[in-house]
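K.L.:
below: sequence and its predicted model.
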Amino acid sequence: MELPETMAQELIALNAKIWDYAELKFEETRSAQAMIEVLERHGFTVQKGVAHMPTAYIAEYGSGKPVIGILAEYDALSGLSQMAGVAEEKPREGCTNGHGCGHCLLGTAAVGAGLLLKDYLAAHPGSGTVRVYGCPAEEGGSGKTYLARENAFDDVDAALTWHPGTQNEIMVGSNQANIQAAFSFKGRAAHAAAAPQNGRSALDAVELMDVGVNYMREHMADYDRVHYAVLDTGGVSPNVVQPHAQVLYLIRSKTNAETNVLYERVKKIAQGAALMTETELSVRFDKACSNLIPNKVLGQVVYDAMKAVGTPKRTEAEKAYIRSFQNTVGEERVLNDPGMAPFPDPELRQELIAKDPYGEFLLPYRPTNAVVMGSSDTGDVSYVTPLCQFSAACFAIGTAAHSWQWVAQDKDSVAVNGCLFAAKVLAKAAETLYQQPELVQEARKELTKRLGGHPYECPIPPDVFPRGYTKE
């Protein structure tokens, strides 16, 4: 599938804009608008402000079945400010955020796939419908989970997406479900020296909770994870008993049910900390997302598309550029780069990297049910409709997600070529599904079998809304 030069330049400019904006979860106003403007200019009908999220959108073109959804993300990460193209840690002025997970590229390629599919459907009217889903707040906001809760994917026949990475591969296996919640303790202030008996320390409660959870780690499954960040320490004066404190917990396990069990254990520890310190506890459910349901049928379709399109080749200048970033992490990190998915043959991965440390290779498609340690709200979409995600090599092998190195590489030719490759792969795979709708039916049958008769249940309670939304 060819990408016209004018379209390629339009996408390169879009990626640069989203990188420049570097907007955080639920705040991606300019990023979403830039994408919408491109899609509307090419004839898409766009629904804005979907599922109580001002920065969510659904852009549609075509008619009839199958309906293929292309998922876009465009939120940045806090604290990852970095100058573009510089192979040393150097924050850019005037911005504290950065696209350390490459979502500027991710969203741009999704738009690009939409444009290519618009041209295909215009030439083959009645073949089906393409929808580009603008999904905000993947980083800690679970935008797709809210979209799934509002039935945005119910009539979608298959969903396709990708993620920028260091290697070209189908993202096989599953990932972790998660729940994020804030635990606030209310105590009583007092003079820490003159009248300590009158004080009840909320900070003590947070510390005791953290200690209790740390002891719990010895009695968790290997696939469980619990992380925390103290948001409020109650002040900076040690001679005042801290009357308030708050800690945010992110709790993960391999299924929604197991994550809920772990969450209940954490809540009991918090209750115990409140009892020990005679403080009041309140819990705010922040967000959640489901584990991913893999789909072998779609995985094969996308893998065939990756082979047909052909992975980008590196110029000598690009190889030197890649080496400059690999020098910041060392050879061992390069050889042991785990990629974006739990590939069943790690020795083969290492072999391919040793032969080609520049990432021109395509890992063979080897489905697995292994669970990768990480979470994404794509999991909620995969419960509702068959979904496949792949990774395209955009960054130097050895450099890691959520790092200044990825932010620095987002705009340059290696990343951009990976982005354009991803757009063509998404479009090629969707074109296959339009031409062979029986594959869509096979993918749906596989999903039904994997779910085992258990319908999707949104892990976010119905009274919890996206950050910043105010119920009328």
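P.N.:
Noted; the coordinates are in hand. Numbers count the residues shown, from 1 in each chain.
K.L.:
excluding its backbone neighbours, what's nearest Glu150?
P.N.:
Ala51 (4.1 Å; Cβ to Cβ, 6 or more residues apart in numbering). For the C-beta atoms, the positions are set from N, CA and C on the backbone; glycine is no exception.
K.L.:
can you give me the neighbour number for the one you found?
P.N.:
Neighbours of Ala51 under the rule other Cβ atoms under 10 Å: 21.
K.L.:
contact partners for it?
P.N.:
Gly143, Tyr146, Leu147, Arg149, Glu150, Ala152, Pro466 (Cβ atoms under 8 Å, 6 or more residues apart in numbering).
K.L.:
the same query, at a cut-off of 6 Å, please.
P.N.:
Tyr146, Leu147, Glu150 (Cβ atoms under 6 Å, 6 or more residues apart in numbering).
K.L.:
mind checking pLDDT for the last one?
P.N.:
Glu150 is assigned a predicted lDDT (pLDDT) of 97.
K.L.:
go on, the first one?
P.N.:
Looking at Tyr146, its pLDDT is 97.
K.L.:
nearest residue to it in space, please, no chain neighbours.
P.N.:
Ala51 (4.6 Å).
K.L.:
state whether that neighbour is indeed within a helix.
P.N.:
Yes: with DSSP: H, G, I helix; E, B strand; the rest coil as the criterion, Ala51 is located in a helix.
K.L.:
tell me the spacing between it and Glu139.
P.N.:
Look at Ala51 and Glu139: by Cβ to Cβ, to the nearest Å, they are 17 Å apart.
K.L.:
how about the helices of the protein, start to end?
P.N.:
Secondary structure of the chain (DSSP state H): helices located at 5-21, 29-41, 103-123, 143-149, 202-216, 256-277, 296-309, 316-326, 331-335, 346-355, 378-384, 404-409, 413-435, 437-451.
K.L.:
pick the one among the contacts of Ala51 closest to Ile170.
P.N.:
Leu147 (23.6 Å; Cβ to Cβ).
K.L.:
distance-wise, check the closest one relative to Glu347.
P.N.:
The gap separating Leu147 from Glu347 is 39 Å, by Cβ to Cβ.
K.L.:
neighbour count winner among the two?
P.N.:
Neighbour tally, Leu147 and Glu347, criterion other Cβ under 10 Å: the higher count belongs to Leu147, 26 against 8.
K.L.:
what's near enough to touch the more buried one?
P.N.:
Going by Cβ under 6 Å, 6+ apart, Leu147 touches Ala51.
K.L.:
at 7 Å what do you get?
P.N.:
For Leu147, the contact set (Cβ atoms under 7 Å, 6 or more residues apart in numbering) comprises Val50, Ala51, Ala56, Tyr133, Cys135, Phe153.
K.L.:
could I have the ChimeraX command that selects the buried members from those?
P.N.:
Remark: buried members of the contacts of Leu147, expressed as a ChimeraX selection using 16 or more other Cβ atoms under 10 Å:
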select :50,51,56,133,135,153
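K.L.:
could you work out the most separated pair of the contacts of Leu147?
P.N.:
Ala56 and Phe153 (12.4 Å).
K.L.:
now stretch 191-206, how far from the centre of its chain.
P.N.:
Taking Cα atoms, centre = their mean, to the nearest Å, one finds stretch 191-206 lying 41 Å from the centre of the chain it belongs to.
K.L.:
mind listing what's buried along it?
P.N.:
Residues of stretch 191-206 classed as buried by neighbour count (16+ other Cβ under 10 Å): Gly199, Arg200, Ser201, Ala202, Leu203, Asp204, Ala205, Val206.
K.L.:
for the contacts of Leu147, give me CSV that also has distance to Glu37.
P.N.:
Output for the contacts of Leu147, formatted as CSV (distance: Cβ to Cβ, whole Å):
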residue, distance to Glu37
Val50, 17
Ala51, 21
Ala56, 16
Tyr133, 17
Cys135, 18
Phe153, 24
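K.L.:
just the contacts of Leu147 now: which is nearest Ser282?
P.N.:
The closest of the contacts of Leu147, once distances to Ser282 are taken by Cβ to Cβ, is Ala51, at 26.4 Å.
K.L.:
from Ala158, how far out is that closest one?
P.N.:
Relative to Ala158, Ala51 is positioned 20 Å away (Cβ to Cβ).
K.L.:
count of neighbours near Gly212?
P.N.:
Neighbour count for Gly212, taken as other Cβ under 10 Å: 17.
K.L.:
residues in contact with the residue lying closest to it once chain neighbours are set aside?
P.N.:
Sequence neighbours aside, Ile269 is the residue nearest to Gly212 in space, at 3.9 Å (criterion: Cβ to Cβ, 6+ apart). Neighbouring residues of Ile269 by Cβ under 7 Å, 6+ apart: Met209, Gly212, Val213, Met216.
K.L.:
and these as JSON lines, adding pLDDT and distance to Gln82?
P.N.:
Formatted as JSON lines, the contacts of Ile269 follow (pLDDT from 0 to 100; distance: Cβ to Cβ, whole Å):
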{"residue": "Met209", "pLDDT": "98", "distance to Gln82": "34"}
{"residue": "Gly212", "pLDDT": "98", "distance to Gln82": "37"}
{"residue": "Val213", "pLDDT": "98", "distance to Gln82": "32"}
{"residue": "Met216", "pLDDT": "98", "distance to Gln82": "36"}
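K.L.:
out of those, which is most surrounded?
P.N.:
When neighbours are counted by other Cβ under 10 Å, Met209 leads the contacts of Ile269 with 26 neighbours.
K.L.:
hmm, Ala270 and that residue touching each other?
P.N.:
Yes: Met209 is within contact range of Ala270, at 5.1 Å (criterion: Cβ atoms under 7 Å).
K.L.:
okay, and the common contacts of the two?
P.N.:
Phe183.
K.L.:
mind checking how far Gln405 is from Ala59?
P.N.:
To Ala59, Gln405 is 32 Å away according to Cβ to Cβ.
K.L.:
out of the two, which sits in the busier spot?
P.N.:
Using other Cβ under 10 Å, the more surrounded residue of Gln405 and Ala59 is Ala59, with 27 against 23.
K.L.:
distance check, the residue nearest to Tyr146 against Ile269.
P.N.:
Ala51 is 33 Å from Ile269, by Cβ to Cβ.
K.L.:
cool, and Leu71?
P.N.:
For Leu71, the distance to Ile269 (Cβ to Cβ) stands at 36 Å.
K.L.:
what about the closest residue to Ala8 other than its chain neighbours, neighbour count?
P.N.:
In this structure, Ala8 finds its nearest non-sequential neighbour in Leu420, 5.9 Å apart by Cβ to Cβ, 6+ apart. Leu420 has 23 neighbours, counted by other Cβ under 10 Å.
K.L.:
export the contacts of Leu147 to a markdown table and tack on pLDDT?
P.N.:
Shown next, in a markdown table, are the contacts of Leu147 (pLDDT from 0 to 100):
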| residue | pLDDT |
| --- | --- |
| Val50 | 97 |
| Ala51 | 96 |
| Ala56 | 98 |
| Tyr133 | 98 |
| Cys135 | 98 |
| Phe153 | 98 |
